[in-house]
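>>> A predicted structure for the sequence below; I have some questions about it.
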Amino acid sequence: MYDHNSLPHKKKQLPKSNTLQSKSFDRGMVDRTARAMEKAGFRKKAVQLKCCSRHIVTAECPNGHEAHVIHADRCRSRWCPICSKIKAKIRSKRTSDVILKIQKENPLQRWALLTLTIKTVPGRELKATIDEMMKAWGRFRKKRNVKRAMKGCIRTMEVTWKKRDGQLMAHPHIHILVAMGDYLEQSEWRDAWKEAMRLEYDPIVDIRAVKDLSQVACEVSKYVSKTPSEAIHADVLRFEVPALANRKLWFAHGICKDADIVAREENEEIANYNELRDSDLDDKPCKCATCGADLITEQREWNAVAQEYVRRETERSGNEIEVVVRGTPGVLKGIVIQVSEAISSSPPISKN
């Protein structure tokens, strides 16, 4: 996929107290991605993106100091700027759980980060190249010396993009967190990958010892690639969507797979890592950190024209309920919320 921060668009400046918009909740980027997806020819996926986080529920300081998203409808698309960051956070948590489980049983377990690469290929060849890399990965981990050196692993796929002589080039590569067994030289890892991939050249294979396991969990869990400019954004999606469709980008093997199964059985809260829970967005504070006031719940809806979220309020008149939309304060521009069902489910008011 693509690096949403690399696209040349101007972001709105928000108060420092509101970090949600600037770091993980840029709803305007979802609209831009949806337009690029539609331009690439994937209309259904574009509609799915446009529906993401259109309605949200926020906890807001009555004095305007801060606002937090506590619930949002999500599209769960792999290419959604919002949902992809939530999924990356979930995968990082899942990786950390595996590491902690193994370290608890074997505190002396050594870890390494292995990166398997090939030369860049034209974008139109990406799907066939990834197909071959997945087959080569199966052959690679079944080699005798690799099996002895790799007691277990967690594997992710990443694709980066660049332009060369006016042609869009893709660079797929594999990040692997390895639970080390026997020692192998870097040249042995390279030769094993070269043979598995059936290459005529020596590929770049990097392996380095892991010292900070918390940082490597984030590194191995990311699957965001980079695109050079918004002008070729649609072209990237045109090649990348079919290439990565229905692929398992996070894969555990060996003792890492066993630890993942045990961790999920022992902790019901993390039994389904793919579920995007409300708590994935925010810790749901009940007090304002600045003034100490109780946060109030508001319902907001995305206004694509104004490129901001507006408040939704209801006023009753007899049996009729009128929805009144008012502008949002500056601190809430770009934030999200889901409409409560209490209005539609409430009984009608009697005329008497």
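Nice, I can see it.
>>> from here on, contacts and neighbour counts on C-alpha atoms
OK.
>>> All the helices of the stretch 201-350 of the chain, residue numbers only.
Taking DSSP state H, counting those that start in this stretch as the criterion, the stretch 201-350 of the chain contains helices spanning 213-221, 233-244, 255-266, 342-345.
>>> Next secondary structure after the helix of greatest length in the chain?
Counting by DSSP state H, the longest helix found in the chain is helix 81-105. Sequence order places strand 111-117 as the next helix or strand after helix 81-105, per DSSP states H and E.
>>> Let me know whether Met37 touches Lys44 as I believe.
No. Using Cα atoms under 8 Å, Met37 makes no contact with Lys44, being 9.0 Å away.
>>> Any regions of the stretch 1-150 of the chain where pLDDT drops low?
Regions of the stretch 1-150 of the chain meeting the criterion pLDDT under 70 cover residues 1-25.
>>> what's the closest of the helices of the stretch 201-350 of the chain to Arg74?
Proximity to Arg74 (Cα to Cα) singles out helix 233-244 among the helices of the stretch 201-350 of the chain, at 19.1 Å.
>>> what sits up against that closest one?
The contact list for helix 233-244 (Cα atoms under 8 Å, 6 or more residues apart in numbering) reads 1-2, 36-37, 39-41, 123-124, 126-128, 130, 161, 168, 227.
>>> Just the ones in strands from these, please.
Trp161, Leu168 (DSSP state E).
>>> Tell me the one among the contacts of helix 233-244 nearest to Ile255.
Distances from Ile255 to these, taken by Cα to Cα, are shortest for Ile130, at 25.5 Å.
>>> Now for the closest one: which residues touch it?
Pro172, Ala243.
>>> what's the distance between it and Arg238?
15 Å (Cα to Cα, to the nearest Å).
>>> Could you check how far the residue nearest the centre of the chain is from Cys52?
What sits nearest the mean C-alpha location of the chain, by Cα atoms, centre = their mean, is Ser84, with 2.3 Å. Noted for Ser84: a distance of 12 Å to Cys52, by Cα to Cα.
>>> Break this structure into its domains for me.
Domains of the chain are assigned by automatic domain parsing as 27-65+279-342, 87-275.
>>> Just tell me which of those ends up closest to Ala72.
Nearest of these to Ala72, taken as Cα to Cα: domain 27-65+279-342 at 4.5 Å.
>>> So Gln299 sits against Ala59, correct?
No. Gln299 is beyond contact range of Ala59, at 9.2 Å (criterion: Cα under 8 Å).
>>> which one of these two has more residues nearby?
Neighbours were counted for Gln299 and for Ala59 using other Cα atoms under 10 Å; Ala59 has more, 23 against 20.
>>> For the stretch 51-200 of the chain, just list every one of the helices.
In the stretch 51-200 of the chain, the helices defined using DSSP H, counting those that start in this stretch lie at 81-105, 126-141, 144-149, 186-197.
>>> Which positions in the longest one come out as buried?
Spelled out, it's helix 81-105. Across helix 81-105, burial judged by 16 or more other Cα atoms under 10 Å covers 81-102.
>>> Tell me what angle that helix forms with helix 255-266.
Our comparison of helix 81-105 with helix 255-266, counting by axes from the mean of the first three to the mean of the last three Cα atoms, to 10 degrees, yields an angle of 100 degrees.
>>> From the contact counts, what lies against helix 81-105?
With contacts taken as 3 or more Cα pairs under 8 Å, 6 or more residues apart in numbering; DSSP states H and E, helix 81-105 sits against helix 27-39, helix 213-221, helix 255-266.
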